[in-house]
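*Asks:* only geometry, no sequence info:
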C-alpha cells in the first residue's frame with residue numbers, strides 16, 4: 001500500500017511584534033529539520049499481493065501489500081530505483097519510462113538467472129501516483145509477474161513461491177497455440193497467441209530462441225517478418241539438430257514467431273520476439289524436440 005507522509009507547514013505572521021519576555025526570538029529553537037516527504041518502497045525479493053489488475057501496460061498501479069512469498073501473490077520485486085526529477089510522473093513511452101523498463105528487464109534476468117522472456121513472465125514497472133509524485137516520491141518498483149497466455153493485456157495470475165534463480169539453466173518452454181484456419185498439413189494460418197503447457201503434456205510449440213528487433217521506428221508486419229523468419233528457421237534447425245535441407249523435408253515441423261503487434265510494447269522499449277518450433281495442431285507431441293534430428297517425434 002503506498003502511503004505518503006504529509007509535512008504540515010505553519011506560517012507565523014509577525015506584524016511588528018516584539019519577542020515575548022524570556023524568549024530569544026528564534027522560532028525553531030534548535031528543532032531538527034523535518035525529513036523530506038517519502039513513500040515506503042518494498043525491498044528486492046519482496047512478494048506483493050493485490051486484488052487489482054496487474055498487467056504489462058497498466059496506466060495506474062493497484063494497491064499492493066507485502067506478503068510472505070509462500071502465500072498467494074502476483075508480483076515479486078527484483079529492483080527499486082529512482083526516476084529523474086520532473087514536474088509530472090513519466091508517461092508511458094517517455095525516455096524516462098523506457099530507461100526504467102530497460103533497467104527492470106536487465107534486473108529481472110539477473111534475478112531469475114536467465115532471460116526473463118524465456119519464461120511465462122512479464123516485467124511490470126510500478127510508478128508513483130500523481131499525488132505521491134507531488135509529495136516527492138520518485139522511486140519505481142520493478143516486479144515480475146506470471147501469466148498463462150501470451151496476451152499482454154491479460155492480468156497476472158496468483159502464484160506461490162519465489163521466482164529467484166528459477167531460470168538457471170533455462171528449462172524448456174512449451175506451449176499450445178491459439179489459432180484457427182489450419183492448412184492441409186494442420187498448421188494454423190492465423191495464430192492469436194500461445195497458452196502455457198508443460199512440455200510433458202500434449203503441445204504443438206516449443207521455444208527455440210528469443211530475438212531482439214533493431215531499435216528505431218515501429219516496424220511493419222512485413223518488416224518484422226523479413227527480419228525474423230530466416231533467423232527463426234536457423235534457430236529451429238539448430239534446436240532440432242537438422243540441416244536446413246533436412247528440415248525442409250520434414251513436413252510435420254515448421255516455425256512460429258511472435259509479432260510485436262502492440263505499439264505500446266514498442267513505446268516501452270520492448271523489442272523481443274519469441275521463436276518456436278511447431279507441429280500440426282492435430283498431432284501434438286509430448287516432451288522436448290531438442291536434438292530430435294531425423295528421428296521420430298515424441299507423440
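*Replies:* Nice, thanks for sending it over. All of these numbers come straight from a predicted model, not from anything done at the bench. Numbering: from 1, shown residues only.
*Asks:* Could you use CA atoms for every contact and neighbour count after this?
*Replies:* Noted.
*Asks:* Quick check: residue 214 touching residue 270?
*Replies:* No: using Cα atoms under 8 Å, residue 214 is not in contact with residue 270, being 10.5 Å away.
*Asks:* Neighbour count: the two, which is higher?
*Replies:* Neighbours per residue (other Cα atoms under 10 Å) separate residue 214 from residue 270, with residue 270 holding more: 18 against 12.
*Asks:* for that one, phi and psi?
*Replies:* Backbone torsions for residue 270, taken as degrees, to the nearest 10, come to phi -80, psi 120.
*Asks:* Distance of it relative to residue 126?
*Replies:* Residue 270 sits 16 Å away from residue 126, going by Cα to Cα, to the nearest Å.
*Asks:* what are the ranges of the helices in this protein?
*Replies:* 95-112, 130-134, 221-240, 244-249, 263-268 (DSSP state H).
*Asks:* Which secondary structure elements does the longest one sit against?
*Replies:* Put plainly, it is helix 221-240. The contact analysis (3 or more Cα pairs under 8 Å, 6 or more residues apart in numbering; DSSP states H and E) places helix 221-240 against strand 205-212, helix 244-249, strand 254-257, strand 272-278.
*Asks:* tell me which residues in the longest one are buried?
*Replies:* When you say that, I think you mean strand 205-212. 205, 206, 207, 208, 209, 210, 211 (16 or more other Cα atoms under 10 Å).
*Asks:* Poorly predicted segments of the stretch 151-299 of the chain, please.
*Replies:* For the stretch 151-299 of the chain, the stretches flagged by pLDDT under 70 are 151-154.
*Asks:* Now do the contacts for residue 114.
*Replies:* Residue 114 is in contact with 165, 167, 168, 169, 170, counting by Cα atoms under 8 Å, 6 or more residues apart in numbering.
*Asks:* Now rank those by neighbours and give me the top one.
*Replies:* Neighbour counts for those (other Cα under 10 Å) peak at residue 167, which has 19 neighbours.
*Asks:* Looks like that one contacts residue 113 (just checking).
*Replies:* Yes: under the criterion of Cα under 8 Å, residue 167 makes contact with residue 113 at 5.0 Å.
*Asks:* Closest to residue 289 out of the contacts of residue 114?
*Replies:* Residue 289 has its nearest neighbour among the contacts of residue 114 in residue 170, at 15.0 Å by Cα to Cα.
*Asks:* could I get the contacts of residue 114 as JSON lines with distance to residue 157?
*Replies:* Listed next are those as JSON lines, based on distance: Cα to Cα, whole Å:
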{"residue": "165", "distance to residue 157": "20"}
{"residue": "167", "distance to residue 157": "19"}
{"residue": "168", "distance to residue 157": "22"}
{"residue": "169", "distance to residue 157": "24"}
{"residue": "170", "distance to residue 157": "21"}
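*Asks:* coming back round to it: with distance to residue 76 as extra columns, can I get the helices and strands packed on helix 221-240 in a markdown table?
*Replies:* Below are these laid out as a markdown table (distance: least, Cα to Cα, whole Å):
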| stretch | distance to residue 76 |
| --- | --- |
| strand 205-212 | 23 |
| helix 244-249 | 41 |
| strand 254-257 | 28 |
| strand 272-278 | 22 |
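*Asks:* right, and the ones you listed - which one's nearest residue 293?
*Replies:* helix 244-249 (8.6 Å).
*Asks:* Arrange the helices of the chain in JSON lines, one row each, with mean neighbour count and distance to residue 282 as further columns.
*Replies:* Formatted as JSON lines, the helices of the chain follow (neighbours: other Cα atoms under 10 Å; distance: least, Cα to Cα, whole Å):
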{"stretch": "helix 95-112", "mean neighbour count": "20", "distance to residue 282": "34"}
{"stretch": "helix 130-134", "mean neighbour count": "17", "distance to residue 282": "51"}
{"stretch": "helix 221-240", "mean neighbour count": "17", "distance to residue 282": "20"}
{"stretch": "helix 244-249", "mean neighbour count": "13", "distance to residue 282": "19"}
{"stretch": "helix 263-268", "mean neighbour count": "17", "distance to residue 282": "32"}
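*Asks:* mind putting the ones you listed in CSV, distance to residue 85 included?
*Replies:* Shown next, in CSV, are those (distance: least, Cα to Cα, whole Å):
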stretch, distance to residue 85
helix 95-112, 10
helix 130-134, 9
helix 221-240, 36
helix 244-249, 53
helix 263-268, 19
